[in-house]
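Asker: Structural data only, the sequence is not supplied:
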């Protein structure tokens, strides 16, 4: 860890926190995703799908959805819908804006398959991401 390291540590997610139960519900697909990517993961649980920021938001990141046990990346979903590159870039900017606007949301860490995962149980961020996904 260098002097300029930006590694942030968050409190451990308490098992009694409702977000802990939501993480348990998506643990298997989350493990599958972890096997495919080496980047850090930040999970935004919701009453519907869980949203996963992959990488280092708000700078370089991707977004995936976990719903009904299935992981789908935003880019794959956008391509399935026939969206062009410019539209995908605009939607990515909206994800970046949503993340940035919710930077002060409480974050926690939890362990999934031996790896640390950040959990952000932020209703507003989940709603923002849902709206962006629905706008495709």
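Answerer: That came through fine. None of these values were measured; they are calculated from a predicted model.
Asker: residue contacts, residue 126?
Answerer: Applying CB atoms under 8 Å, 6 or more residues apart in numbering to residue 126 gives the contacts 44, 45, 46, 51. In short, each C-beta sits where N, CA and C put it, glycine included.
Asker: From residue 92, how far out is the second one?
Answerer: Between residue 45 and residue 92 the computed distance is 22 Å (CB to CB, to the nearest Å).
Asker: what about the two, which has more around it?
Answerer: residue 45 (26 against 17; other CB atoms under 10 Å).
Asker: ok, that one touching residue 20?
Answerer: No - using CB atoms under 8 Å, residue 45 makes no contact with residue 20, being 9.0 Å away.
Asker: Please enumerate the shared neighbours of those two.
Answerer: In contact with both residue 45 and residue 20: residue 119, using CB under 8 Å, 6+ apart.
Asker: hmm, back to that, Serialize the contacts of residue 126 to JSON lines and add fields for secondary structure.
Answerer: Shown next, in JSON lines, are the contacts of residue 126 (DSSP: H, G, I helix; E, B strand; the rest coil):
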{"residue": "44", "secondary structure": "strand"}
{"residue": "45", "secondary structure": "coil"}
{"residue": "46", "secondary structure": "coil"}
{"residue": "51", "secondary structure": "strand"}
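Asker: For those residues, work out which two are farthest apart.
Answerer: 45 and 51 (8.2 Å; CB to CB).
Asker: No further queries at this time; thank you.
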